[in-house]
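[1] Fold the following, please.
(chains A, B, C and D)
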2 protein chains.
Amino acid sequence: MTQGHTTSRAAGQATRSAILSAATRLFAEHGFNQASVRTIAAAAEVDPALVIRHFGSKESLFLQTIDPMGGELGEVMAGPLETLGRRLVEHFLGKAGTSLRQNFVALIQASDRPHVKDELIRSTGLVFVQPIASRLSGDRPELRAALVAAQVGGLLNSLFLAEDPVIAAAGDEDVIDLYGGAIQHLLTP
Amino acid sequence: MTQGHTTSRAAGQATRSAILSAATRLFAEHGFNQASVRTIAAAAEVDPALVIRHFGSKESLFLQTIDPMGGELGEVMAGPLETLGRRLVEHFLGKAGTSLRQNFVALIQASDRPHVKDELIRSTGLVFVQPIASRLSGDRPELRAALVAAQVGGLLNSLFLAEDPVIAAAGDEDVIDLYGGAIQHLLTP
DNA sequence: CGAAGTTCGTCAACACTGTTGACTCAACGG
DNA sequence: CCGTTGAGTCAACAGTGTTGACGAACTTCG
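    From the prediction side, this is the model:
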């Protein structure tokens, strides 16, 4: 009916990646809770039971859709430490930070699942805390890096999760100046 | 069976408050998604349909369980502006901040519901941004206050939602010093 | 080439969620 | 006293994630 089902060996990988890309898009657009297994299956033109069969559970599928490295903020990290605060804010405000933003928001909203919570601290540690801590000098570099991550998370929280109108209405320049300065205070005190 | 149902006029208010207190506890303990209407009803020894009848919906019930003023951080706000950053962190790390913390975490995790998102920005604006902004001098007081709220939210995020082990393992004194200093940088630059 | 086995896909069902409608029963107001 | 109102109960609905049994096609081996 729908077009038959060519059950070849490699066809499994094809539908699997179809499910994965549909899930990636829908999770990013509507978040973990709002994107249902059945709508994902419909978007991938696939039986709902099949997505579970391929990925074990909705939560497991979700975790495979988040790629911590997708944001390419390696370049931002590589720059001079003296202006890293500003550049971090600038990056996440701009279009280049979209992927990481959506990942973060979705992870936060689903963080009542233990495995999601684990992935949240794992990916922030991988992408944020460790790279920053390795470049810091002075006392307690790892703690300061973790607090920087908390600051960035707070900004993403207010801007893209709560959608604070005050910050949203302000110009990017002011936010970069002010919040970047506050972050810098932890990087190079 | 359970003890009969005395259907008096005032009995409605009694069971209503029983539902409300059970919901308040369960939402704070397990969050919005994990606390089901049926478990709340069971905790209040009440029919599940009754909680909907009294409060309209689970979301509406949830919103009535959050009291932004419950944290009594008026005292913290009233203190000297020069040390407000430290005292804010200190308050939320301590036992006095428990209520506000749980409210915040629950709101964040349920923030994909539009009404919950509205309540989130409303309550943070009421308890945080407005009181702080009114005391700030210098440029863009409201924006700086909103960014301070973002910082505090970020710390709550990392500590009580993601439960970052690095920050949790550190001593309160260090966190108060470092993060309080970063916040202070936005209050009195 | 034919048989065995493995993989892909389908369908119906399960337990659970929030929510609604129809119903009963007691209490109050005229 | 009777009718209206409000409280409480019960069964059911549509939706969720998930599982089991089953069929059908491809791959592999004898």
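[2] Near A:Ser158, how many other residues are there?
    Neighbourhood size, A:Ser158 [other CB atoms under 10 Å in any protein chain shown]: 26. All C-beta spots, glycine's among them, are computed from the backbone N, C-alpha and C.
[3] again with A:Gln102
    A:Gln102 has 20 neighbours, counted by other CB under 10 Å.
[4] cool, and A:Gly12?
    Using other CB under 10 Å, the number of residues around A:Gly12 comes to 13.
[5] before we move on, what about the one 10 residues further on?
    Neighbour count of A:Ala22, defined by other CB under 10 Å: 21.
[6] Touching, it and A:Ile40? I think so.
    Yes: A:Ala22 lies in contact with A:Ile40 (CB atoms under 8 Å); the separation is 5.4 Å.
[7] the helices in chain A, which residues?
    For chain A, the helices defined by DSSP state H cover A:11-34, A:37-43, A:48-55, A:58-65, A:74-78, A:84-93, A:98-109, A:114-124, A:130-133, A:141-156, A:165-169, A:172-187.
[8] quick one: which of those is nearest B:Asp118?
    helix A:165-169 (10.7 Å; CB to CB).
[9] Pull out the buried residues from that closest one.
    For helix A:165-169, a neighbour-count test (16 or more other CB atoms under 10 Å in any protein chain shown) marks A:166-167 as buried.
[10] elements contacting it?
    helix B:141-156 (3 or more CB pairs under 8 Å, 6 or more residues apart in numbering or on different chains; DSSP states H and E).
[11] list the contacts for A:Ser99?
    A:28, A:67, A:70-71 (CB atoms under 8 Å, 6 or more residues apart in numbering or on different chains).
[12] I'd like those laid out as TSV, including neighbour count and distance to chain B.
    Compiled in TSV, the contacts of A:Ser99 are given as follows (neighbours: other CB atoms under 10 Å in any protein chain shown; distance: CB to the nearest CB, whole Å):
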residue	neighbour count	distance to chain B
A:Ala28	18	13
A:Asp67	12	18
A:Gly70	14	19
A:Gly71	20	18
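[13] Pick out the residue in chain A sitting closest to chain B.
    A:Gly154 (2.1 Å; CB to the nearest CB).
[14] Stretch A:94-110 near DNA strand D at all?
    No: with CB under 7 Å from any atom of the strand as the criterion, DNA strand D is not reached by stretch A:94-110; the gap is at least 11.1 Å.
[15] Just name the most buried of the helices of chain A.
    Mean neighbours per residue, mean count of other CB atoms under 10 Å in any protein chain shown, is largest over the helices of chain A for helix A:141-156, with a mean of 25.
[16] quick revisit: can you tell me which of the helices of chain A is nearest to B:Ala133?
    helix A:165-169 (8.8 Å).
[17] mind checking how far that closest one is from the chain centre?
    22 Å (CA atoms, centre = their mean, to the nearest Å).
[18] And for stretch A:98-107?
    3 Å.
[19] show me where pLDDT drops low in chain A?
    Along chain A, the model assigns pLDDT under 70 to residues A:1-8.
[20] Taking it, what residue is nearest to DNA strand C?
    Residue nearest to DNA strand C within chain A (CB to the nearest atom of the strand): A:Gly12, separated by 2.3 Å.
[21] Nearest to the middle of chain A, which residue? Look it up for me.
    With the centre of chain A defined as its mean C-alpha position, the nearest residue by CA atoms, centre = their mean is A:Asn103, 2.3 Å away.
[22] Now that one. Nearest residue, chain neighbours left out?
    Of all residues not flanking A:Asn103 in the chain, A:Ile66 sits nearest, at 4.8 Å (CB to CB, 6 or more residues apart in numbering or on different chains).
[23] residues in contact with the one you found?
    A:Ile66 neighbours (CB under 8 Å, 6+ apart): A:103, A:106-107, A:119, A:123.
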